[in-house]
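Colleague: Build me a model:
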Amino acid sequence: MQLDYRYPTEIRTLLVTILVLTVALLLTTPFTVGATLVLFVLGVGLNYLIVRSQIESLKRRAVRVTATQLPEINALVDECARRVGLPAGTEVYVKYSPVMNASAMGVGKPYSIVLNSALVEALGPDELKSVIGHEMGHIKFGHTALLTLVGQLGSQTFGLPLVGDLIRYVFLFWSRAAEFTADRAGLVAVGRLDRAVATEVKLAVGPDLAQRVDLRELARQAREARGSLLGTLGEMESTHPMMTTRIQKMVDFAASETFARLRPDMRAVNFQEADAWQLEQPTLSSGGVCPQCGNPLLKGAAFCMRCGARAHTPRRCLQCHTPLEAAWKICPRCGKAISG
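Modeller: Next up is the predicted model:
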């Protein structure tokens with residue numbers, strides 16, 4: 001299904017980055033502008049060659065995933081590619097590394113995705129689909145190519161004090177927005193919010209400790225963190241959003257109509273873990289209540305995260321399917337007690 005589910009601020013922050021760079025160019029002398037443009041073009045060209053050489057080197061230092069080589073991973077890759085969409089010829093490799101990480105690279109075809117061995121060994125199939133889909137999202141939405149261009153621009157100071165820092169901060173805003181977009185692609189790929197959330201927790205604390213993390217307590221921690229100005233400033237220094245921020249953005253997207261259209265096969269069981277997260281976010285539970293079970297709905301939610309019912313579906317008796325009003329405790333037609 002061709003729907004644009006890009007994170008809303010990604011394009012806006014990219015345009016702001018370009019605007020800041022344009023203003024910086026206009027404020028510099030013609031000589032500085034000329035010298036900067038030359039250095040920029042050379043930098044982009046060098047970055048392009050470096051990326052292409054890195055892709056070529058994968059054939060010598062990593063194992064390519066195919067139908068006969070690591071076929072179980074290849075099956076996950078094929079499924080994710082169908083869900084997310086991927087340029088033909090994109091290759092996936094596994095390389096040894098004790099660090100749980102993955103990456104995507106490429107300015108144009110061919111593109112490559114690299115999965116570290118520690119990641120493959122620590123994650124289950126659904127969790128691995130979340131990561132693979134995330135990296136495919138970077139390719140689908142052009143992040144790998146833009147990073148070569150925007151990243152090079154972000155290293156320029158244009159001969160002006162503090163300009164380099166300003167450009168870097170604007171670039172970081174775009175970088176974090178791009179991560180939110182890729183997280184959405186990962187959620188589309190796996191189709192299970194609970195598995196996407198579990199993946200983020202595993203990446204944050206490791207696979208063993210993740211089994212002992214209480215999501216309800218983690219949600220309270222996230223709520224406290226949102227009120228910290230210093231914490232927000234710290235996140236602004238990072239290319240990637242913090243774990244709790246990423247989880248909250250995925251919870252919000254999972255409740256949207258766009259996601260419901262992309263993954264109509266979702267079931268209530270997919271939301272059990274995220275339900276705890278929702279209940280700890282009272283400022284977001286402003287979408288009324290579920291007509292079926294009475295659970296608070298996220299603002300803009302397309303369906304209930306507890307029972308899976310459509311948000312605007314009339315409440316019905318589970319036994320005879322008679323339409324029910326919210327206050328009724330007993331079905332007037334068959335006499336069955338109404339739960340919730």
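Colleague: Do a quick rundown of the strands in the stretch 51-200 of the chain.
Modeller: Ranges of strands in the stretch 51-200 of the chain, per DSSP state E, counting those that start in this stretch, are 63-64, 91-95, 102-105, 112-116.
Colleague: most packed of those?
Modeller: strand 112-116 (a mean of 24; mean count of other CB atoms under 10 Å). Any C-beta I mention is one placed from the backbone N, CA and C, and that applies to glycine too.
Colleague: what sits up against it?
Modeller: Strand 112-116 is contacted by residues 55, 58, 62, 65, 73, 90-106, 128, 131-132, 135-136, 139 when judged by CB atoms under 8 Å, 6 or more residues apart in numbering.
Colleague: can you rerun that using 7 Å?
Modeller: For strand 112-116, the external contacting residues (CB atoms under 7 Å, 6 or more residues apart in numbering) are 55, 58, 62, 90-95, 97, 99-106, 132, 135.
Colleague: rewinding a little: between the strands of the stretch 51-200 of the chain, which gets nearest to residue 199?
Modeller: When those are compared by CB to CB, strand 102-105 sits nearest residue 199, at 10.8 Å.
Colleague: by contact count, what packs against that closest one?
Modeller: Judged by 3 or more CB pairs under 7 Å, 6 or more residues apart in numbering; DSSP states H and E, the packing partners of strand 102-105 are helix 30-61, strand 112-116, helix 125-140.
Colleague: just these: most buried one?
Modeller: With neighbours defined as mean count of other CB under 10 Å, the helices and strands packed on strand 102-105 peak in mean count at helix 125-140, which reaches a mean of 26.
Colleague: In stretch 167-179, which residues are buried?
Modeller: Neighbour-count burial for stretch 167-179, with 16 or more other CB atoms under 10 Å as criterion, is recorded at 167, 170, 171, 172, 173, 174, 175, 176, 177, 178, 179.
Colleague: and of the residues you listed, the nearest to residue 263?
Modeller: Nearest to residue 263, judged by CB to CB, of these is residue 179 at 20.3 Å.
Colleague: which ones are touching that closest one?
Modeller: Shown in contact with residue 179 (CB under 7 Å, 6+ apart): 240, 241.
Colleague: how far away is the residue nearest to residue 85 when sequence neighbours are not counted from residue 81?
Modeller: Spatial nearest neighbour of residue 85, chain neighbours left out: residue 140 (5.5 Å); criterion: CB to CB, 6 or more residues apart in numbering. For residue 140, the distance to residue 81 equals 10 Å [CB to CB, to the nearest Å].
Colleague: Tell me which of the strands of the stretch 51-200 of the chain lies nearest to residue 218.
Modeller: With CB to CB, the closest approach to residue 218 among these belongs to strand 102-105: 22.7 Å.
Colleague: what's the distance between that closest one and the middle of its chain?
Modeller: Relative to its parent chain, strand 102-105 has a centroid offset of 14 Å by CA atoms, centre = their mean, to the nearest Å.
Colleague: where in the protein is pLDDT low?
Modeller: Applying pLDDT under 70 to the chain picks out residues 1-2, 24-41, 43-44, 148-165, 227, 266-316, 325-327, 339-340.
Colleague: Show me the helices in it, by range?
Modeller: Here the chain has its helices, by DSSP state H, at 9-27, 30-61, 71-84, 117-122, 125-140, 143-153, 163-190, 193-205, 207-210, 215-226, 229-236, 243-254, 257-262, 272-279.
Colleague: how much does the first one deviate in direction from helix 163-190?
Modeller: Going by axes from the mean of the first three to the mean of the last three CA atoms, to 10 degrees, helix 9-27 is angled at 160 degrees with respect to helix 163-190.
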